[in-house]
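Asks: Sharing a model prediction with you, sequence too.
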Amino acid sequence: MVRCADNSLYPGIAKDVQKRLLEHNGDNRLGAKYTRARRPVLLVYQQGFASRSEACKFEMKLKAMKKPEKENIIKENNAL
């Protein structure tokens, strides 16, 4: 999950997280349309999964959450 310049949170999945961050912050068209208008983005949470299917399911859960719930996940992760 990345935090955009407008303080919004954007969840996503990627095999190569650093490459995806560069795409979101770069001038190319590979970054998501949502993040293109809200640069720069900063990685605030990441989690590994055994399969792409599991990652997609978790991404859908994140997208359904309200912002305070997402902020709690970030806070808990940073506390570890």
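Replies: Thanks, I have it.
Asks: Please make it C-alpha for all contacts and neighbour counts, starting now.
Replies: Fine.
Asks: which residues sit against the helix or strand in which K75 is found?
Replies: K75 belongs to helix 67-79 when assigned by DSSP states H and E. With contacts defined as Cα atoms under 8 Å, 6 or more residues apart in numbering, helix 67-79 is touched by L9, V44, Y45, L62.
Asks: do stretch 4-11 as well
Replies: 1-3, 35, 38-42, 59, 62-63, 67, 70.
Asks: Derive a ChimeraX selection command for the buried subset of those.
Replies: Applying 16 or more other Cα atoms under 10 Å to these, the buried members can be selected in ChimeraX as follows:
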select :1,2,3,35,38,40,41,42,59,62,70
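Asks: among the contacts of stretch 4-11, which are in helices?
Replies: Among these, the members found in helices (DSSP state H) are T35, E59, L62, K63, K67, K70.
Asks: how much space between E23 and E54?
Replies: 23 Å (Cα to Cα, to the nearest Å).
Asks: likewise T35?
Replies: Distance from T35 to E54, by Cα to Cα: 23 Å.
Asks: show me where pLDDT drops low in this protein?
Replies: Within the chain, the set of residues satisfying pLDDT under 70 comprises 80.
Asks: how about a cut-off of 80?
Replies: 79-80 (pLDDT under 80).
Asks: Can you flag the buried ones in the contacts of helix 67-79?
Replies: L9, V44, Y45, L62.
Asks: of all those, which two lie farthest apart?
Replies: V44 and L62 (13.5 Å; Cα to Cα).
Asks: follow-up on the earlier one: got the CA coordinates for the helix holding K75 in PDB?
Replies: Extracted C-alpha coordinates of helix 67-79, given in PDB (Å, rounded to 0.1, in the frame of the first residue of the first chain):
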ATOM      1  CA  LYS A  67      -9.200   4.800   5.800                       C
ATOM      2  CA  PRO A  68      -8.900   4.500   9.600                       C
ATOM      3  CA  GLU A  69      -8.800   0.700   9.300                       C
ATOM      4  CA  LYS A  70      -6.000   0.900   6.700                       C
ATOM      5  CA  GLU A  71      -4.200   3.400   9.000                       C
ATOM      6  CA  ASN A  72      -4.400   0.900  11.800                       C
ATOM      7  CA  ILE A  73      -2.800  -1.800   9.700                       C
ATOM      8  CA  ILE A  74       0.000   0.500   8.800                       C
ATOM      9  CA  LYS A  75       0.500   1.600  12.400                       C
ATOM     10  CA  GLU A  76       0.500  -2.100  13.600                       C
ATOM     11  CA  ASN A  77       3.000  -3.000  11.000                       C
ATOM     12  CA  ASN A  78       5.300  -0.200  11.900                       C
ATOM     13  CA  ALA A  79       5.100  -1.100  15.600                       C
END
